[in-house]
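**Q** fold the stuff below for me.
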Amino acid sequence: MVNWKDIGKELPAKNKEFSHLLDLLKDAPGVAIAFSGGADSAFLLAAALIAGVKSVLPVTIVSDFFTVGEKDRVIRLGQYLGITPILVPANILEDARVTRNTDRRCYFCKLFLFSKVMEVAKKRGIHTLLHGANLDDLQEFRPGMDAARELGFKTPLVAAGFSKEQIRACSKTLGLETWNLPAQSCLATRIPQGDIITKEKLVRVELAEECLHRLGFGQVRVRCHGDMARIEADLYELQRFVEPNVRQEVIQTFKRAGFYSVCLDLDGYASASGVQQ
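**A** So this is what the prediction gives:
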């Protein structure tokens, strides 16, 4: 079995950013990490453990925006890293500021979810709050980062100078399954701005995207336009949708999920970058 801690101890000599990151973390008496199970938060959690932080609390908020697959990955990562994440159920759909789905949806969502992380941390006497933003995030429209900053969350990956590419490279060395995980975004980004977010719409999208992942598609999104699903996939994978078996499975599964029509976006996958498409 790979000893990821031993591997991690070798990284500082090879990577100045990682060395800087450990220096930023090592003196903290305790940290709470907003742990989504994505590439950034998984790497940050591993770094905190390698740095020897006395009390590390990974907190995962499980809402209707969080898929079953994401929850399973959080649990697997915790097992690999030897720490048990705190799973906190939260009804994000009770916040009308979020479900109204305006251009401030991401801000109000992060305000709601990160407040839950803060509550859990304070109950355990931890006052240093972290999340996994990186340098690339600063180049995109991400209003949720404003909410995190207002609540006092720090961004050590930014402070240490980590880009997404560097995070992936170090994560691969550490044996983290997230090293090549496609870019992730919450299910709410699949609902066009201005359309009310409901549980029914989120369930439809999750079932539809599960189908596509099961068929082997990587970077893919299902945008919900009422009863119509619009599929975005990497350009090199678009031709797979005309294969008879794939086409039939997609049509049948999407219709069972509640979509009455399915279309393929010929422009391919496009990152929402914080703005719903």
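
**Q** what's the local residue count around D195?
**A** Using other Cβ atoms under 10 Å, the number of residues around D195 comes to 15. From N, CA and C alone the C-beta is placed, and that goes for glycine too.

**Q** can you tell me the helix or strand for it?
**A** Remark: D195 resides in no helix or strand, with elements defined by DSSP states H and E.

**Q** let me see the contact set for it.
**A** N101, K201, C224, G226 (Cβ atoms under 8 Å, 6 or more residues apart in numbering).

**Q** just the buried residues of the residues you listed.
**A** N101, K201, C224 (16 or more other Cβ atoms under 10 Å).

**Q** excluding its backbone neighbours, what's nearest the first one?
**A** Okay, so that is N101. Take N101 and drop its neighbours on the chain: the residue closest to it by Cβ to Cβ, 6 or more residues apart in numbering is I197, 5.1 Å away.

**Q** tell me, how many residues neighbour the one you found?
**A** I197, neighbours per other Cβ under 10 Å, totals 23.

**Q** that one and N245: what is the separation?
**A** Between I197 and N245 the computed distance is 33 Å (Cβ to Cβ, to the nearest Å).

**Q** before we move on, what about G161?
**A** Counting by Cβ to Cβ, the gap from G161 to N245 is 46 Å.

**Q** now swap in S19 and tell me
**A** For S19 relative to N245 (Cβ to Cβ), the value is 50 Å.

**Q** neighbour-wise, which of the two wins?
**A** S19 (14 against 9).

**Q** which residues does the closest residue to that one other than its chain neighbours contact?
**A** Of all residues not flanking S19 in the chain, P12 sits nearest, at 3.8 Å (Cβ to Cβ, 6+ apart). P12 is in contact with F18, S19, L22, counting by Cβ under 8 Å, 6+ apart.

**Q** centre of the chain to the helix or strand where P12 lies, how far?
**A** Per DSSP H and E: P12 is located in helix 4-14. Chain-centre distance of helix 4-14: 25 Å, with Cα atoms, centre = their mean, to the nearest Å.
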